[in-house]
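Trainee: Provided below for reference: sequence and predicted model.
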Amino acid sequence: MKFETKVIHAGISPDPSTGAIMTPIFQTSTFVQASPGVHQGYEYARTQNPTRTVLQNNLAALENGTHGVAFSSGLAAMDAILRMLKPGDHIISTNDLYGGSYRLMTQVYKDYGIEATYIDMSDPDSLKDAIKENTRLIWIETPTNPLLQVFDIKALCSVADEKNIRTCVDNTFATPYLQNPLDLGASMVLHSATKYIGGHSDLVLGAVVTRDEEIAEKLAFIQNSVGAVPGPQDCFLALRGIKTLAIRVERACENAAKIADFLTGHPKVGKVFYPGLKSHPGHALAKDQMKMFGAMISFSTVNDDMDVARKILENTRYFSLAESLGGVESLIGHPASMTHASIPREERVAVGLLDSTIRLSVGIENVDDLIEDLKTAMEK
């Protein structure tokens, strides 16, 4: 089954009781049993919900996995993964990553005796050097948030496999349409489904997909025990959004490529971060590892001029100044004060995230309107 067919049919069947083509919203907290322990597969909605079951099966198929586990947010999904660790365990993570992921590892799990090391994963040998006897998880973002670095998933997972260490790839930026980390050796794939999976900026949801039965069982146990589950309405919205995932992402990628070309060489723009540019150090790898180059772009202003950056951020019309990404509408953001404010400035600057760095989530509007919007903001 090809991807464009999977988003509409994989794991999804018409409702057997009514024939409804759309998966119903099972808005119920509990399910009637004929006798104690005798039921139709559902007992209590924290544990299982039919709408959620369909979503999890669909997500598993999109990532070529066997098990999907949905959570109330992307960070709740990450939290479930980290709960599989024990005090004294060690995580190795990319050093350019979402601020919320960094905060969870450094300000929450550090207090439980779990250590994290942040490295540049451009060279798999750097991962070999960072591995300790107590390393239990490799956390990979690619493309990274917000500097769009691209790492070799297959090579990194190969290094981890040699040491019997689990790997998780945050695939939020790439989406299952552009990249499938399980096929490249990853143990788990994580999505903030709030973003491209949902695609319409109207839900908060997270998911983990795996082929490993043991991991799936542990995640399902944590999902039920902790209760950080999405409601059936959000699961329904995610299923609806998934149906157009391929065409949305393809259009957004096409727009992003043209916008990156516009930004490159603009007198107000310093460095442009976009894997689709031939000047990008990860361009060849992205071309090989991804179907297209994604719809996220970051750029800094000339001389790291924050005044210029602020005026751009305040004067766009179609690029709305807001957190999040991956919706049909284009968004513009300031990572240093928004999505990555929880990372100390010295650490942000060390990896190349400047005060003036601007992040764009390119939507599916007419690209000429989007370019004109940025041009006008820069003129102001």
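Mentor: Arrived safely. Being a predicted model, the structure only gives us computed values, none of them experimental. Numbers count the residues shown, from 1 in each chain.
Trainee: what ranges do the strands span in this structure?
Mentor: 67-71, 90-94, 115-119, 135-141, 166-170, 188-192, 206-210, 269-273, 296-301, 320-321, 331-333, 358-361 (DSSP state E).
Trainee: give me whichever of the ones you listed is most buried.
Mentor: strand 188-192 (a mean of 30; mean count of other CB atoms under 10 Å). C-beta here means a position set from N, CA and C on the backbone, and glycine is covered the same way.
Trainee: distance to residue 248 added to the strands of the chain, as CSV?
Mentor: Listed next are these as CSV, based on distance: least, CB to CB, whole Å:
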stretch, distance to residue 248
strand 67-71, 20
strand 90-94, 26
strand 115-119, 32
strand 135-141, 21
strand 166-170, 20
strand 188-192, 15
strand 206-210, 18
strand 269-273, 22
strand 296-301, 14
strand 320-321, 17
strand 331-333, 14
strand 358-361, 12
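Trainee: could you redo those as JSON lines and give each row mean pLDDT?
Mentor: Below are the strands of the chain laid out as JSON lines (pLDDT from 0 to 100):
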{"stretch": "strand 67-71", "mean pLDDT": "98"}
{"stretch": "strand 90-94", "mean pLDDT": "98"}
{"stretch": "strand 115-119", "mean pLDDT": "98"}
{"stretch": "strand 135-141", "mean pLDDT": "98"}
{"stretch": "strand 166-170", "mean pLDDT": "98"}
{"stretch": "strand 188-192", "mean pLDDT": "98"}
{"stretch": "strand 206-210", "mean pLDDT": "98"}
{"stretch": "strand 269-273", "mean pLDDT": "97"}
{"stretch": "strand 296-301", "mean pLDDT": "98"}
{"stretch": "strand 320-321", "mean pLDDT": "98"}
{"stretch": "strand 331-333", "mean pLDDT": "98"}
{"stretch": "strand 358-361", "mean pLDDT": "98"}
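Trainee: mind checking which of the ones you listed is nearest residue 179?
Mentor: strand 166-170 (8.3 Å; CB to CB).
Trainee: work out the gap between that closest one and the centre of the chain.
Mentor: 12 Å (CA atoms, centre = their mean, to the nearest Å).
Trainee: pairing partners for that strand, with directions?
Mentor: strand 135-141 (parallel), strand 188-192 (parallel) (DSSP bridges).
Trainee: just name the shakiest helix or strand of this structure by mean pLDDT.
Mentor: Using mean pLDDT, DSSP states H and E, the weakest-scoring helix or strand in the chain turns out to be helix 345-350, at a mean of 93.
Trainee: show residues contacting that one.
Mentor: Contact partners of helix 345-350, identified using CB atoms under 8 Å, 6 or more residues apart in numbering, comprise 95, 118, 335-336, 340, 354-355.
Trainee: what do you get for stretch 273-288?
Mentor: The contact list for stretch 273-288 (CB under 8 Å, 6+ apart) reads 122, 143, 146-152, 253, 256-257, 260-261, 264, 290, 292-294, 296-299.
Trainee: got it, and stretch 366-380?
Mentor: 254-255, 258-259, 262-263, 266, 268-269, 308, 311-312, 315-319, 330, 362-363.
Trainee: list the buried residues of that stretch.
Mentor: In terms of neighbour count (16 or more other CB atoms under 10 Å), stretch 366-380 has its buried residues at 367, 370-371, 373-374, 377-378.
Trainee: and the residue lying closest to residue 183 once chain neighbours are set aside, how far is that from residue 313?
Mentor: The shortest distance from residue 183 to any non-neighbouring residue, by CB to CB, 6 or more residues apart in numbering, is to residue 64 (5.7 Å). In this structure, residue 64 and residue 313 are 39 Å apart, going by CB to CB, to the nearest Å.
Trainee: separation between the residue lying closest to residue 317 once chain neighbours are set aside and residue 215?
Mentor: What sits nearest to residue 317 in space, not counting adjacent residues and going by CB to CB, 6+ apart, is residue 373, at 5.2 Å. Using CB to CB, residue 373 is found at 44 Å from residue 215.
Trainee: do residue 163 as well
Mentor: 17 Å.
Trainee: the more surrounded of the two?
Mentor: Legend: neighbour count by other CB atoms under 10 Å for residue 163 and residue 215, higher for residue 215 (19 against 14).
Trainee: is that one in contact with residue 166, as I believe?
Mentor: Yes. In this structure, residue 215 is within contact of residue 166 by CB atoms under 8 Å, at 7.4 Å.
Trainee: need the overlap of contacts for those two.
Mentor: Joint contacts of residue 215 and residue 166 (CB under 8 Å, 6+ apart) are 187-188.
Trainee: who are the contact partners of residue 210?
Mentor: 65-67, 182, 187-189, 216, 219 are the contacts of residue 210 under CB under 8 Å, 6+ apart.
Trainee: give me the nearest residue to it, chain neighbours excluded.
Mentor: The nearest residue in space to residue 210 (CB to CB, 6+ apart) is residue 188, at 4.8 Å.
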